[in-house]
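Engineer: Build me a model from this:
(one chain, ligands or ions: 1)
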Amino acid sequence: MKRNESPLLDAYFVQNMHRIFDPIPVPIILVNKETEIMVINEDFAEYLGHTRDELIGKKVNLIDPNTRFPYVFKSKRPEIAYKHKFSNGHTALVHRIPVLDDDGEVLYGFGMVIFDDLKNLQEVLERNKLLEGKLSIYQEELKNIRGAKYSWDTIIGNSLVMQRVKVMASKSAKTDSNVLIMGESGTGKELFAHAIHNDSKRFDGPFVKINCAAIPKDLLESELFGYEEGAFTGAKKQGKIGKFELANGGTIFLDEIGDMPLDMQVKILRVLQEREIERIGSNKTIPVDCRIIAATNRNLLERIRENEFREDLYYRLNVINIEVPPLRERKEDIELLSLKLMEKLSNSLGHYVSNITVEALECLKAYNWPGNIRELENIIERAINMVDNETIELFHLPQYILVKNQNIYTEIPKIQNLKEAVEEVEKTTISNCLIAVQHNKLKAAKLLGISRTSLYEKIEKYKLL
Ligand SMILES: Nc1ncnc2c1ncn2[C@@H]1O[C@H](COP(=O)(O)OP(=O)(O)OP(=O)(O)O)[C@@H](O)[C@H]1O
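Structural biologist: Predicted structure coming up:
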């Protein structure tokens, strides 16, 4: 069509344009350069409260005095998502687009209502904002629940053995091989698993932990693999996603793997080999892409000899072996650990304790720590609760540690005058007694063989409240 030819005269063109515009479910209009309405779809005509025949050929400003087509033709720039108030009172979001020829001259104006009621749009936007807000809260929560909490910095210990273990563990973080972490209970195996995940290429994915010893045998399979709707009596109606699926893209930490029942060991082995699972009650296989870190405080070779652990599973898991040493083999770490734990626990208990006496520290170092760092944590927490000022002293430590370390009193003799020494014994005895009877003063006075008044006086004197 030539530029000067009026398209209004071309009924065939208009008819065809209506064929295109009418099925489009948003109001659309095409005006010529004189701003006369050439094409308008049924939706728009209805929106303006007219029939299409009433509108075709009319100057658009007669129908809508607020029209901005003249400005758009002048600027030759499209107006995208502009707010527009129509003469019928509707406020909408509209596009106004000038159609230019090869010389940049205006041919037509194309208009379109993209949102016909701004009040609704506001609601949609607010709902969307609310949903986005909620989503980010849940994503954050999920990250906290499923993410790994600890990094190398949170693993305290500078002893040579710990440095070696950390180097080994950080190397393992750079691979995707299975890792088996061994060590006594409370040595920090879980901390290592978190740190490896956090330092691996999967750090952004989930870190999913399952304690194989804590979950009843019958539930372990459904926890690990999930189940389909109605898979067994008592199953949740909508089914359940298992830990392996949850860990997809991340790491699954199989804690206490040495206590896993033999029948489950077979199933785990299959997942390690096939990298796929089947939910209970389904025979559909689901591929899973997760790294496996297992931990145990058991001697797995012994368990294999006792036919309690599968040898093939052991070798599958034990690609990288990390042995976390017990605390008694790294006593050099006790001071740093105690100070850091004091800092951490003071914060959570809201009672600031920052020092420990040499005697108390020596006593901690002389103990053999069967419960490892978990036990040290408990003892520090207990002491913080007993301390009046900012220093943990010998008598803040539990009796069983003091008894086991009686030799340290002879090894490090402390010269005191007799009055001070008697007072120290008195203070410790009363303090221990009060803890033993949970601060029941009547009971304590009876056990100590003194009057209640005298007990109150001594409590005050030694600030034992
Ligand atoms: N090196 C460390 N630095 C700081 N805290 C530690 C360290 N090792 C262990 N802990 C703390 O000791 C406690 C026990 O650690 P963790 O649960 O990792 O031990 P575990 O070896 O996995 O024990 P279990 O075999 O009983 O599961 C945790 O509270 C942990 O924060």
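Engineer: Now do the same contact list for the residue of the stretch 351-465 of the chain found nearest the ligand.
Structural biologist: When distances are taken as C-beta to the nearest ligand atom, the stretch 351-465 of the chain reaches nearest to the ligand at Ile373, 3.6 Å away. Every residue, glycine included, has its C-beta placed from N, CA and C. Residues counted as contacts of Ile373 (C-beta atoms under 8 Å, 6 or more residues apart in numbering) are Gly186, Thr187, Gly188, Leu327, Leu337.
Engineer: next one: Trp152
Structural biologist: Lys166, Ser170, Ala195, Asp199.
Engineer: Distance-wise, check the closest residue to the ligand within the stretch 151-300 of the chain relative to Pro27.
Structural biologist: Proximity of the stretch 151-300 of the chain to the ligand (C-beta to the nearest ligand atom) peaks at Gly188, 2.5 Å away. In this view, Gly188 and Pro27 are 66 Å apart by C-beta to C-beta, to the nearest Å.
Engineer: And these two? Which one has more around it.
Structural biologist: The neighbour count for Gly188 versus Pro27, taken as other C-beta atoms under 10 Å, is higher for Gly188 (25 against 22).
Engineer: Would you check that that one makes contact with Val324?
Structural biologist: Yes: if you go by C-beta atoms under 8 Å, Gly188 and Val324 touch, sitting 5.7 Å apart.
Engineer: beta partners of Tyr82?
Structural biologist: Val94 (DSSP bridges).
Engineer: Run through the residues that contact it.
Structural biologist: Arg68, Leu93, Val94, His95, Arg96.
Engineer: just to revisit the earlier point, in helices, which of the contacts of Trp152 fall?
Structural biologist: Among the contacts of Trp152, the residues falling in helices (DSSP state H) are Lys166, Ser170, Ala195.
Engineer: about what we covered before: show me which of the contacts of Trp152 are buried.
Structural biologist: Burial by neighbour count, judged by 16 or more other C-beta atoms under 10 Å, picks out Lys166, Ala195, Asp199 from these.
Engineer: could I get those residues as TSV with distance to Ser159 and pLDDT?
Structural biologist: Listed next are the buried ones among the contacts of Trp152 as TSV, based on distance: C-beta to C-beta, whole Å; pLDDT from 0 to 100:
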residue	distance to Ser159	pLDDT
Lys166	10	95
Ala195	17	95
Asp199	21	94
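Engineer: Kindly reformat those as TSV containing distance to the ligand.
Structural biologist: Formatted as TSV, the buried ones among the contacts of Trp152 follow (distance: C-beta to the nearest ligand atom, whole Å):
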residue	distance to the ligand
Lys166	9
Ala195	10
Asp199	16
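Engineer: Let's see if you can find the most crowded of the contacts of Ile373.
Structural biologist: Leu327 (28 neighbours).
Engineer: The residue of the stretch 1-150 of the chain found nearest the ligand in helix, strand or coil?
Structural biologist: When scored by C-beta to the nearest ligand atom, the stretch 1-150 of the chain has Tyr150 as its residue closest to the ligand, at 7.3 Å. For Tyr150, the assignment made with DSSP: H, G, I helix; E, B strand; the rest coil gives coil.
Engineer: wait, what's in contact with it?
Structural biologist: Counting by C-beta under 8 Å, 6+ apart, Tyr150 has contacts Glu190, Leu191, His194, Ala195, Asn198.
Engineer: CA atoms only for the helix or strand harbouring the first one, dumped as PDB, please.
Structural biologist: When elements are assigned from DSSP states H and E, Glu190 belongs to helix 189-198. In PDB, the C-alpha atoms belonging to helix 189-198 read as follows (Å, rounded to 0.1, in the frame of the first residue of the first chain):
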ATOM      1  CA  LYS A 189      32.500 -35.400  63.000                       C
ATOM      2  CA  GLU A 190      29.300 -33.600  62.100                       C
ATOM      3  CA  LEU A 191      31.200 -30.300  62.100                       C
ATOM      4  CA  PHE A 192      33.600 -31.700  59.500                       C
ATOM      5  CA  ALA A 193      30.700 -33.000  57.300                       C
ATOM      6  CA  HIS A 194      29.200 -29.500  57.300                       C
ATOM      7  CA  ALA A 195      32.500 -27.800  56.500                       C
ATOM      8  CA  ILE A 196      33.200 -30.200  53.700                       C
ATOM      9  CA  HIS A 197      29.900 -29.500  52.100                       C
ATOM     10  CA  ASN A 198      30.300 -25.700  52.600                       C
END
